[in-house]
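J.: no sequence on this one, just coordinates:
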């Protein structure tokens, strides 16, 4: 019954009884497997890689010769030969200099991690120490480890360290310099990691997704280091054993559920696909490859909405899932595996959605959760940097509209697609600005005109109402103008390190929307950081675009839980001639209520309120600003301290304004959002407020 209660607690939305029963059976089998696995750990750690008979018969030296000389399978073009790596020196002089400096710092066991900045991991790296809290995770059987410990530690942070993405940096530095110090460091760190992380022991074996990402990064490093004379027979056998253990673990611990799958299960099968594709010498390689390709495409059908958005109501996870498919399709094509047209079209729509939500300043809004996760990272990109994925997509699809205005050719493009990718990207014309667009399936609506950008969020909690990465952000907005962002979604900050902060950053009060009586739009529980109710269920009321005005309206039902219930609808009209937006909040219901209306500003803005209650947020140069004016209220809003998080585990001070109104329902409030550009006459812009009043 304990299993049933866990499943019941995790259910949101409608789930067929048969699926619940199947899930109970699956979880019961998982428990039996863990019991047998626990008893066989020592045996499993003694086993060498399981190779096909013709490779198993080879002597270690012959096996080493084979891996050094093989020309198939093909990895990413920019990482496949040393001659193409040398070309990077002429194309990316500044970036390569930074890469080599970063590699030198890695030799000292110093590198950046998420939003924590550069960390020193000690003379002897402790792969179980969480850099965020300094706490060490226990070296116990993986299934015995509790991921929420209440001591400030965060599994997400220690997992990032153990994804071993920094080894790709060492490998690229080696391809450019042939400096064997980088090989020696790679081999030493791999040996150290295996010694501290025997199969099935420790938090780094707790999650198949993490095992998959680590395997993918190790495959990339191995592709370059396999040519090094420092790679001995013993080193090769160790690496092959690690790869085999990773593939076996993923296969036996797939994060599948009959109730719902997510980016975790998708990552599992993508990791298996890469292992099966790049290590055909393994006895299970063909099975891994065939199974994982089938499941990867099946998940693409399930997880990607018809308009191209990932179904988890998160731009951060959209970037991540887009990388999973994009890089896997590139690898498949390089090795003669063709994906059906409908799957390539699905990937195209994912990139098109990404291009649509990127702001005019080239950065992305952080809607829903973002843990700054990347797939096979060439280097660390901030959570709001999605343009590098678009650049690669532009070259893959030969699509000019993915090459945004002002886009700088990223170094990632070279390492993934090589010289041919660079040539294709350079040959593309830069796209014109995007118009207003509606993505009904995702609940994302973009009101855009030249430098004006407003994202209206009418998405549900994601994953068909069972989302774990959505926020209480129904009918919230993000606004950019005059070349910079002004009103933002504050981001994520952390997951399990601080449950209070976790819920603060995903709360209604931390988004630019309306709150009634302090109630959350969707129900939350402090001790369940990845469970969010789906009471709000936003619904589009209308969407219209025209030569002068673009407008959208939606409502949600999260406040029906009040007694008596209330409904919030929001209408946004963008005037292209006046370069402004008018927002109308219509609250339907009965009785007296406390209404809170908030607007969260980007960090670094100077926010003031004048005697008439008009809010002004200016950038540091004082050259551009945005005004927020309540058109029907004489109340003065309060300026409140808040935080924004542009990367996981990082937060920066910011300001927000809040109007608090005690009033009876129904009621209507209107707001004018008015950008002021450097060349504008500010007094003339202010007169617009009187006209709209």
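T.: Received, thanks. Just so we're clear, the structure is a prediction, and the values are computed from it rather than from any experiment.

J.: Quick check: closest non-adjacent residue to residue 442.
T.: Spatial nearest neighbour of residue 442, excluding adjacent residues (C-beta to C-beta, 6 or more residues apart in numbering): residue 309 at 3.5 Å. In this view, the C-beta of every residue, glycine as well, is placed from N, C-alpha and C.

J.: Could you verify my assumption that the one you found touches residue 318?
T.: Yes - counting by C-beta atoms under 8 Å, residue 318 is a contact partner of residue 309 at 6.2 Å.

J.: which neighbours do the two share?
T.: Each of 350, 353 lies in contact with both residue 309 and residue 318 under the rule C-beta atoms under 8 Å, 6 or more residues apart in numbering.

J.: Show me what residue 660 is bridged to.
T.: Beta bridges link residue 660 to residue 596 when assigned by DSSP bridges.

J.: and the residue nearest to residue 442, backbone torsions?
T.: Per-residue torsions, residue 309: phi -80, psi 140 (degrees, to the nearest 10).

J.: Same question for residue 628.
T.: Note on residue 628: backbone dihedrals following degrees, to the nearest 10 are phi -120, psi 120.

J.: Now do the closest residue to residue 305 other than its chain neighbours against residue 290, distance only.
T.: Among residues not flanking residue 305 along the chain, residue 441 sits closest, at 3.9 Å (C-beta to C-beta, 6+ apart). As judged by C-beta to C-beta, to the nearest Å, residue 441 and residue 290 stand 31 Å apart.

J.: Please apply the same query to residue 680.
T.: Between residue 680 and residue 290 the computed distance is 61 Å (C-beta to C-beta).

J.: what does residue 179 give?
T.: Plainly put, residue 179 is 40 Å away from residue 290 if you go by C-beta to C-beta.

J.: Among the two, which residue is more densely surrounded?
T.: When neighbours are counted by other C-beta atoms under 10 Å, residue 179 and residue 290 differ, and residue 179 comes out ahead with 16 against 12.

J.: ok, now which ones touch that one?
T.: Residue 179 neighbours (C-beta under 8 Å, 6+ apart): residue 173.

J.: following the worst-scoring helix or strand of the chain on mean pLDDT, which helix or strand shows up next?
T.: Within the chain, confidence by mean pLDDT, DSSP states H and E is lowest for helix 2-10 among all helices and strands, at a mean of 49. Where DSSP states H and E defines the elements, the next helix or strand beyond helix 2-10 is helix 17-39.

J.: And that next one, what does it pack against?
T.: Under the contact criterion of 3 or more C-beta pairs under 8 Å, 6 or more residues apart in numbering; DSSP states H and E, helix 17-39 touches helix 2-10.

J.: name the element the residue nearest to residue 305 belongs to?
T.: Counting by DSSP H and E, no helix or strand carries residue 441.

J.: Roughly how far does it sit from residue 262?
T.: Separation of residue 441 from residue 262 (C-beta to C-beta): 17 Å.

J.: Between the two, tell me which one has more neighbours.
T.: Per other C-beta under 10 Å, whichever of residue 441 and residue 262 has more neighbours is residue 262, with 25 against 15.

J.: shouldn't that one be in contact with residue 468?
T.: Yes - Residue 262 lies in contact with residue 468 (C-beta under 8 Å); the separation is 7.1 Å.

J.: shared neighbours, the two?
T.: Taking C-beta under 8 Å, 6+ apart as the contact rule, residue 262 and residue 468 both touch residue 312.

J.: Please identify the helix or strand for the residue positioned nearest the centre of the chain.
T.: In the chain, the centroid-proximal residue (C-alpha atoms, centre = their mean) is residue 316; its distance is 2.9 Å. Assigned by DSSP H and E, residue 316 belongs to helix 315-334.

J.: and what of residue 448?
T.: Using DSSP H and E, residue 448 sits in strand 444-449.

J.: Taking helix 315-334 as reference, get the angle to that strand.
T.: Computed by axes from the mean of the first three to the mean of the last three C-alpha atoms, to 10 degrees, the angle separating strand 444-449 from helix 315-334 equals 90 degrees.

J.: quick one: average pLDDT of the helix or strand just after strand 444-449?
T.: Tracing the chain past strand 444-449, the next element assigned as helix or strand by DSSP H and E is strand 452-457. In this model, strand 452-457 has a mean pLDDT of 98.

J.: again, but for stretch 56-75
T.: pLDDT averaged over stretch 56-75 gives 96.

J.: ok, now stretch 193-204?
T.: Stretch 193-204 shows a mean pLDDT of 97.

J.: Tell me the secondary structure of residue 532, please.
T.: Counting by DSSP: H, G, I helix; E, B strand; the rest coil, the backbone at residue 532 sits in coil.

J.: for it, what are its contacts?
T.: Counting by C-beta under 8 Å, 6+ apart, residue 532 touches 12, 461, 467-468, 470-472, 506, 522-524.

J.: Now flag whichever of the residues you listed is closest to residue 481.
T.: residue 471 (23.6 Å; C-beta to C-beta).

J.: For the closest one, grab phi and psi.
T.: Dihedral angles (degrees, to the nearest 10) for residue 471: phi -120, psi 170.

J.: ditto for residue 545
T.: For residue 545, the backbone dihedrals are phi -130, psi 150 (criterion: degrees, to the nearest 10).

J.: count of neighbours near the residue nearest to it when sequence neighbours are not counted?
T.: Distances taken as C-beta to C-beta, 6+ apart put residue 436 closest to residue 545, at 5.1 Å, once the chain neighbours are dropped. Per other C-beta under 10 Å, the neighbour tally for residue 436 reads 22.

J.: Model confidence score at residue 436, please.
T.: Listed pLDDT for residue 436 reads 98.

J.: ok, now residue 326?
T.: pLDDT for residue 326: 98.

J.: you'd agree it is up against residue 346?
T.: No - if you go by C-beta under 8 Å, residue 326 and residue 346 don't touch, sitting 11.3 Å apart.
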